[in-house]
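Undergrad: Fold the following.
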Amino acid sequence: MEEEMMPEGNGEPAVCAANLLRTVRGEVPMARVKGVSREFVDRSAPTMGALAEDVEWVLETFEPRLEPDEVEVYADDAAEGDFGARVTAAEAE
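TA: A predicted model of the protein is given here:
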């Protein structure tokens, strides 16, 4: 059974989403699927589309208070594996 955040009592949705996206899958005891896939950590050229899909999955699965509109993956330094994501999301109704 996967845990999901409760609709109340967890803090602001944007803060929770940012924390989820800073977490590497496997780091959270008792919820090992939370976070972004390890596949994208320390890689020099990950598939940008796959990273965007993973970010969307994480938010849809663990932060139901938000609906991701757009995920933009960018590379500050692709050769060094320095990638990030900008997420535009609306609060779910």
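
Undergrad: This protein: helices as residue ranges?
TA: Along the chain, counting by DSSP state H, helices occupy 13-21, 48-62.

Undergrad: Show me what the last one is in contact with.
TA: Identification of contacts with helix 48-62 by Cβ atoms under 8 Å, 6 or more residues apart in numbering yields 2-5, 17, 20-21, 33-37, 39-40, 66, 68, 71-73, 75, 83, 85, 87, 89. C-beta: built from backbone N, CA, C; applies to glycine.

Undergrad: cool, and the first one?
TA: Residues external to helix 13-21 that are found in contact with it (Cβ under 8 Å, 6+ apart): 5, 10, 34-36, 55, 58-59, 62-63, 65-66, 85, 87, 89, 91.

Undergrad: in stretch 22-30, what's buried?
TA: For stretch 22-30, the neighbour count (16 or more other Cβ atoms under 10 Å) marks Thr23, Arg25 as buried.

Undergrad: ok now it, how far from the chain's centre?
TA: Computed by Cα atoms, centre = their mean, to the nearest Å, the chain-centroid distance of stretch 22-30 equals 11 Å.

Undergrad: and what of stretch 67-79?
TA: Per Cα atoms, centre = their mean, the centroid offset for stretch 67-79 relative to its chain is 11 Å.

Undergrad: Buried residues, that stretch. List them.
TA: Buried residues in stretch 67-79, defined by neighbour count with 16+ other Cβ under 10 Å: Pro68, Val71, Val73.

Undergrad: still on that earlier bit, using JSON lines, lay out the helices of the chain together with distance to Val28.
TA: Output for the helices of the chain, formatted as JSON lines (distance: least, Cβ to Cβ, whole Å):
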{"stretch": "helix 13-21", "distance to Val28": "10"}
{"stretch": "helix 48-62", "distance to Val28": "10"}
